[in-house]
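Enquirer: Fold the following, please.
(2 chains)
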2 protein chains.
Amino acid sequence: MKRIAAFALALAASSPALADEGMWTFDNFPSRKVGEKYGFTPDQKWLDDVRLSSARLANGCSASFVSPQGLVLTNHHCVHACVEQLSSAQQDLVEKGFLARRHEEEKRCPAMEVNQLLEIRDVTAEIAKATKGKTGKAYADALKAEQARLSKACATSENLRCDVVTLYAGGQYALYKYRRFQDVRLVFAPELDIAFFGGDPDNFTFPRYNLDMAFLRVWDGGKPARIDHWFAWADEGAKEGDLTFVSGHPGLTSRLLTVSELEFERDVVLPNRLFYLAEMRGMLTEFSSRGPEQKRIAKTDLFGVENAFKALRGRHEALLDEALFASKVAEEKRLRDWVAQDPERQKKYGDAWAQMDQAVERLRPIYEEYLYVEGPARGGSWGFRSQLFNHARTLVRAAAELQKPNEQRLPEYSDAALPALQARLFSEAPIYPELEERELAFSLTKLRERLGTDHPFVKKVLGKDAPETLARKLVQGSQLGDPAVRRKLFEGGSKAIAASNDPMIEMARRIDSDGRAIRSRYEADVESVERRAGEQIARARFEAWGKEVYPDATFTLRLSYGAVEGYEENGRRIHPITTIRGLYERATGEDPYELAPSWIEAKDRVDLDTPLNFVTTNDIIGGNSGSPVINRDAEIVGLIFDGNIQSLGGEYGFDPRVNRAVAVHGEGMLEALEKVYGADAILEELRRAKTEPAAK
Amino acid sequence: MKRIAAFALALAASSPALADEGMWTFDNFPSRKVGEKYGFTPDQKWLDDVRLSSARLANGCSASFVSPQGLVLTNHHCVHACVEQLSSAQQDLVEKGFLARRHEEEKRCPAMEVNQLLEIRDVTAEIAKATKGKTGKAYADALKAEQARLSKACATSENLRCDVVTLYAGGQYALYKYRRFQDVRLVFAPELDIAFFGGDPDNFTFPRYNLDMAFLRVWDGGKPARIDHWFAWADEGAKEGDLTFVSGHPGLTSRLLTVSELEFERDVVLPNRLFYLAEMRGMLTEFSSRGPEQKRIAKTDLFGVENAFKALRGRHEALLDEALFASKVAEEKRLRDWVAQDPERQKKYGDAWAQMDQAVERLRPIYEEYLYVEGPARGGSWGFRSQLFNHARTLVRAAAELQKPNEQRLPEYSDAALPALQARLFSEAPIYPELEERELAFSLTKLRERLGTDHPFVKKVLGKDAPETLARKLVQGSQLGDPAVRRKLFEGGSKAIAASNDPMIEMARRIDSDGRAIRSRYEADVESVERRAGEQIARARFEAWGKEVYPDATFTLRLSYGAVEGYEENGRRIHPITTIRGLYERATGEDPYELAPSWIEAKDRVDLDTPLNFVTTNDIIGGNSGSPVINRDAEIVGLIFDGNIQSLGGEYGFDPRVNRAVAVHGEGMLEALEKVYGADAILEELRRAKTEPAAK
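Expert: Prediction:
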């Protein structure tokens, strides 16, 4: 447990960041500090270019534009779902890979959207004005209404997306305006065997040997979209010691949580999720072993579950680390002591921590009920793990919500959110009833297990049915697998919903009020209290230390800086760069260490000394997948696809000695495209992009 | 979380026990205290009779003799494995139940042994003499040798079993001498649907409606064994407020652990086991859903995994309870303060806690390696969850160990342990290759995951194989499923083992030294240090508080006292007794709330007001399953089969307000035997047993 001690040394995010720590917003990047350490000081034009060349995949990944013809670089695992959706039992593109040799061969991803960040505007004052003096439900409603108003005023067309983003736990609000690309096509995806070489056992480890890359293209009006800002590909990839930047969308960190929130995370939230995921993993693994078709249809879910399990287990272990936890306690004490020193400060900020403790205590008794009945807006109910049910719930709620004025709706039904909602709802991606049934039965079983057979909600849902029986009835009886049926119900509004006898719609209708009730209670008693207390603490932090700190990640664009650098593990020095030679040496011929046929066949052609993967000290986290690694000339030298196991504690704090980002090397990608895949058109497009004059 | 506060109030086991707390040894039962509270003071004859009428199943359950013809009462879930082994795809006794109407119809359980405790002898002085002045490996070796010597000298025939039992964490050693019954036959087992009505969702809850009972019979020389001590069946079952005793074999409690041990349990041991079990549960559930045959062959394993998961999760939650943990910290401080008050005490006991902390710190870095390579002697390696592999390891080790003098062997190969080892090894119980393969593949995958692909042991085991491939090769290539093959290898000794090319034997041979190495390290660096420090602390406790305390459970016979009493849960009063009427009301017709056909058919005949299950304040834990609940006349009034969810924290401390034992009611059992099963012969035998004159 070497990393323990280091946590105690590293100062965490509530104090000014040290070393290469930090997921900085583009409007508060510490250019001077970078200049002092690395001799290169990014200016505003450089930052603007990088921002506009960066992209976000709406499914939770990062990406970048690499040509003026809309070519987008990201990870294979970010497009895995699309590749699977484009596959069939006859043609498995996950296994065989895919390469479009001409634009016409590019295949549209059924549920993919690319966003480009056009503008950031600070709206803290507007939000403060709208919520002034309010608490509890009134506060939550006012906040929601103002967010909806701001978003709607900004999203003036279908091609724009506007989010009010919470930064510094509510210390700052900003309006992020994105250009939306909704026609996204698959250009290149290698075989899963090489993209995810080493599979779950190697996931979150280093040395690594993955070609976890893919190319998409954004289209507009039936042809490749014209893009003004893109990254050129560096002739030489990253070398040991090189300065590197990562521009991407880290999803979520919890570095500013209070001690009581962290305790709840450690003792309740993470164990709950981990037990659920572990069991689901066993279920999906066994399901996959039934046959090749089951293996194919469960692959995306299984990958998601394994990845989440390993990541959360790493986080859990970080929180169980006494030294890390002690450093969190000490940090909080430092700020509270600073507040207590002055009666004025004490009056402004002093009760925030007690408020937070109270919110946690209110959450405790309703936590599992909230998860299993309603669940987080993004994740859905833990009791109904089913795409069909999620569609049903969306349809039932949309019918009710769309009758209300925009600012009174649940946020996911606001005008600004509607295009993304419709994209998901009308997606042509196939839904597999066999898998749906197993997952729904599983989650209904957990619902009964965790809330208890005698819980009124459980009785209401199950009646006299066993979970398996109910799952079968609901899945087999539902027509919602057909996107046309969903579209018709959506367009039919509340009348169509009320008249529907689709069993999924009936179920969603029947339990809608239960979900809304527990959600309201959660928002009023917990979320709004945490948010207000979080704002107070954030303002105290600003007052104490200014803006020399960065906000927790919130799936918004951030820039981190660092260098290509190895580290020590179990007393052994890990070199920061691997080569294609290492890949061939690690291959056993057995899954997950099996080489794709194309790589076996290409062995004599490729230069074995070409770098394949590398690590850097950039501070990243989940959501950064697909982020470009760029040099000081803003050229691509690599592609983030993972963090090492030590980086998982990065959720709570950054340990510069061992926390490393893991990336595919720029030279390895070019070597593979040329020698293994003969992807000449792509290579030619990348070459032309280097010289083509542009807005940049 | 109502039970939290209560823990803080309840004094735990290191101080004199309060309320009805305590799993007392028969040679230190607090009769006077019972008399003061309940007006009945058990005397020595009463205690001896109860001890000799009690029984232990070698598989980890409790039981009792209920007739002079060797009739044994225990739980259905304690004989589940036997019932399954006696079943076939054509004749599923688990589902249909079993009733022998004549002795000749009784079916021998392939791997069942019943023990009766004949004698307890204190051997603390002998052990102290043999280990005096020794530390580390020398201490462990001397302890092992003296235990082997004592056991062997005592076990003078095949029909005796002698164990040196550690009590008070090493504060006392005792030699327990048992009569062994190895010919054990199934007499009666109801259908699983009624035995385990409510299944996993109702497990560890109350109100309950289970007929979790079974009858066995011990045979001797080809006829029912003659038994001198047995419990008569009370005419009236237990009523609210009645004094009740439970005589049984609680498996393991951890009430005397130090704070550092408890922290390790909370943060490392329990999460590790729970993640493993959760995933295995998902796997087995999905495996079972493949078809009825898979469901049948996986039933025992799935039950075991679900039961362990729920029990351990309850324990984990208890340790995460801040109030409980604080009470543990306070207790330890009290004893340490008492020690520190006096220089003489400080010298004798003062360094024990630091020793214990050190042992935990030494365990931390090798913990998973120990589990996955070797595993606990009783549980086997976590990397090789396979009956075939366990047999192979036993054969390989037996061949080596049996060449050594008795006192130098690994304890599980000592002369005293050999009969039980052979019973397991030569058992006729079927082994199912399909299930073996899945479980072995699962555990090999976990081995690779937790130790890492690059760990030398993982490379040695897997070579170029994927876990699934290796599992297939080993299981499909092995002949060890045939008991005759195992017997031949055992009898052939080291020559036969060396010559065998059975792949399981080859694997066990190849990794034997790895297992032995990590085990030695564990024993020398951890176990022996903990044991010595544990002894010191236990002696300090004796000196401070005398023998007014009871030892942690160690699967040795204990007696607890209490009363039939309800409790409060979520502000609701739970009545302590349920009736057969409640069973019919709870039935939905769907698993696990499906009634067996015999109960549907008998509905008009049974008296619906007959008590079915009840709770008492007796202090019990896993291993007490199958224990008789008796009244002051030592008559059967019930049969322990579970504890409520609040009892799971009983691992670490007893909360008299809500910790309850759950039992089948004596009257409910008689009603079922008569009206549902027409088990006239058994009822007649029970009636006769009440009047038959005996040694008692």
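Enquirer: How about the contacts made by the closest residue to chain B within chain A?
Expert: For chain A and chain B, the shortest gap (C-beta to the nearest C-beta) falls at residue A:282, measuring 2.8 Å. In this view, the C-beta of every residue, glycine as well, is placed from N, C-alpha and C. Neighbouring residues of residue A:282 by C-beta atoms under 8 Å, 6 or more residues apart in numbering or on different chains: B:278-286, B:442.
Enquirer: if I read this right, residue A:487 contacts residue A:427, doesn't it?
Expert: No. Using C-beta atoms under 8 Å, residue A:487 is not in contact with residue A:427; the gap is 10.8 Å.
Enquirer: the more surrounded of those two?
Expert: Legend: neighbour count by other C-beta atoms under 10 Å in any protein chain shown for residue A:487 and residue A:427, higher for residue A:427 (18 against 14).
Enquirer: Quick check: that one vs residue A:421, distance?
Expert: Relative to residue A:421, residue A:427 is positioned 11 Å away (C-beta to C-beta, to the nearest Å).
Enquirer: residues in the stretch 101-250 of chain A within reach of chain B, list them.
Expert: Within the stretch 101-250 of chain A, the residues that sit near chain B (C-beta under 8 Å from any C-beta of the partner chain) are A:198, A:200-202, A:205.
Enquirer: ok, 7 Å please
Expert: With C-beta under 7 Å from any C-beta of the partner chain as the criterion, the stretch 101-250 of chain A meets chain B at residues A:201-202.
Enquirer: repeat for the stretch 401-550 of chain A
Expert: Counting by C-beta under 7 Å from any C-beta, the stretch 401-550 of chain A sits next to chain B at A:448-449, A:453, A:464-466, A:469.
Enquirer: again, 8 Å this time
Expert: Near chain B, when you scan the stretch 401-550 of chain A using C-beta under 8 Å from any C-beta, you find A:438, A:442, A:448-449, A:452-453, A:464-466, A:468-469.
Enquirer: Domains in chain A, by residue range?
Expert: Per automatic domain parsing, the structural domains of chain A span A:3-113+A:182-196+A:204-254+A:557-691, A:257-350, A:385-536.
Enquirer: what about those domains, which gets the closest to residue B:28?
Expert: domain A:257-350 (37.3 Å; C-beta to C-beta).
Enquirer: unless I'm mixing things up, residue A:677 is touching residue A:191, no?
Expert: No. The criterion here is C-beta under 8 Å, and residue A:677 misses it with residue A:191 at 9.9 Å.
Enquirer: Any regions of chain A where pLDDT drops low?
Expert: A:1-18, A:694-696 (pLDDT under 70).
Enquirer: What separation do you get for the most far-flung residue of it relative to its centre and residue A:349?
Expert: For chain A, the largest distance from the centre (C-alpha atoms, centre = their mean) belongs to residue A:343, which lies 41.4 Å off. To residue A:349, residue A:343 is 11 Å away according to C-beta to C-beta.
Enquirer: what do you get for residue A:30?
Expert: The value you get for residue A:30 to residue A:349, if C-beta to C-beta is used, is 25 Å.
Enquirer: Which of these two has more residues huddled nearby?
Expert: Set residue A:30 next to residue A:349 and count neighbours by other C-beta under 10 Å: residue A:349 wins out with 25 against 20.
Enquirer: Spatially, which residue comes closest to that one, not counting chain neighbours?
Expert: residue A:540 (4.1 Å; C-beta to C-beta, 6 or more residues apart in numbering or on different chains).
Enquirer: returning to that earlier point: quick check: which of the domains of chain A is buried the most?
Expert: For the domains of chain A, average neighbour numbers computed from mean count of other C-beta atoms under 10 Å in any protein chain shown are highest in domain A:3-113+A:182-196+A:204-254+A:557-691, which has a mean of 21.
Enquirer: Which helix or which strand is home to the residue nearest to the residue of chain A closest to chain B when sequence neighbours are not counted?
Expert: Closest residue in space to residue A:282, ignoring its immediate chain neighbours: residue B:282 at 2.8 Å, by C-beta to C-beta, 6+ apart. Per DSSP states H and E, residue B:282 falls inside helix B:270-288.
Enquirer: how about the helix or strand following that helix against chain A, any contact?
Expert: Beyond helix B:270-288 on the C-terminal side, the first helix or strand identified by DSSP H and E is helix B:292-320. Yes. In terms of C-beta under 8 Å from any C-beta, part of helix B:292-320 sits within range of chain A, namely B:313, B:316, B:320.
Enquirer: and the residue farthest from the centre of chain A, how far is that from residue A:203?
Expert: Taken as C-beta to C-beta, the span from residue A:343 to residue A:203 is 52 Å.
Enquirer: cool, residue A:211 as well?
Expert: Counting by C-beta to C-beta, the gap from residue A:211 to residue A:203 is 15 Å.
Enquirer: Also residue A:685?
Expert: 31 Å.
Enquirer: Now do stretch A:374-392: distance to the chain's middle.
Expert: Relative to its parent chain, stretch A:374-392 has a centroid offset of 18 Å by C-alpha atoms, centre = their mean, to the nearest Å.
Enquirer: One more: stretch A:199-206?
Expert: Using C-alpha atoms, centre = their mean, the offset of stretch A:199-206 from its chain centre is 19 Å.
Enquirer: Pull up the distance across that stretch, start to finish.
Expert: 13 Å (C-alpha to C-alpha, to the nearest Å).
Enquirer: where's residue A:585, which helix or strand?
Expert: Here residue A:585 is covered by helix A:580-586, with elements defined by DSSP H and E.
Enquirer: Check residue A:560 too.
Expert: Here residue A:560 is assigned to strand A:558-563, by DSSP H and E.
Enquirer: what's in contact with that strand?
Expert: Residues outside strand A:558-563 that contact it (C-beta under 8 Å, 6+ apart): A:20, A:22-26, A:29, A:34, A:38, A:47, A:50, A:241-250, A:550, A:616-620, A:661.
Enquirer: Work out the sheet partners of the very next helix or strand once past that strand and label each with its direction, please.
Expert: Per DSSP H and E, the first helix or strand lying C-terminal to strand A:558-563 is strand A:567-569. Taking DSSP bridges as the criterion, strand A:567-569 forms sheet pairs with strand A:572-574 (antiparallel).
Enquirer: Then residue A:357 would be within a helix, right?
Expert: Yes. Remark: residue A:357 belongs to a helix, assigned using DSSP: H, G, I helix; E, B strand; the rest coil.
Enquirer: Skipping adjacent residues, who's closest to it in space?
Expert: residue A:260 (4.5 Å).
Enquirer: and whichever strand or helix holds the one you found, what does it pack onto?
Expert: Assessed by DSSP H and E, residue A:260 sits inside helix A:259-264. Applying 3 or more C-beta pairs under 8 Å, 6 or more residues apart in numbering or on different chains; DSSP states H and E, one finds that helix A:259-264 contacts helix A:322-340, helix A:352-369.
Enquirer: So for the shortest one, what gets flagged as buried?
Expert: To tie it back to what came earlier, the one meant is helix A:352-369. A:352-353, A:355-360, A:362-363, A:367-369 (16 or more other C-beta atoms under 10 Å in any protein chain shown).
Enquirer: CA atoms only: put that helix into PDB for me.
Expert: The C-alpha coordinates for helix A:352-369 follow below in PDB (Å, rounded to 0.1, in the frame of the first residue of the first chain):
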ATOM      1  CA  ALA A 352     -22.500  25.000   6.500                       C
ATOM      2  CA  TRP A 353     -20.900  21.900   7.900                       C
ATOM      3  CA  ALA A 354     -23.700  21.200  10.300                       C
ATOM      4  CA  GLN A 355     -26.100  21.700   7.500                       C
ATOM      5  CA  MET A 356     -24.200  19.200   5.400                       C
ATOM      6  CA  ASP A 357     -24.100  16.600   8.300                       C
ATOM      7  CA  GLN A 358     -27.900  17.000   8.600                       C
ATOM      8  CA  ALA A 359     -28.400  16.500   4.900                       C
ATOM      9  CA  VAL A 360     -26.500  13.200   5.100                       C
ATOM     10  CA  GLU A 361     -28.500  12.100   8.100                       C
ATOM     11  CA  ARG A 362     -31.700  12.800   6.200                       C
ATOM     12  CA  LEU A 363     -30.400  10.900   3.300                       C
ATOM     13  CA  ARG A 364     -29.500   7.800   5.200                       C
ATOM     14  CA  PRO A 365     -32.900   6.400   5.900                       C
ATOM     15  CA  ILE A 366     -34.300   7.100   2.400                       C
ATOM     16  CA  TYR A 367     -31.200   6.300   0.400                       C
ATOM     17  CA  GLU A 368     -32.000   2.900  -0.900                       C
ATOM     18  CA  GLU A 369     -35.700   3.700  -1.400                       C
END
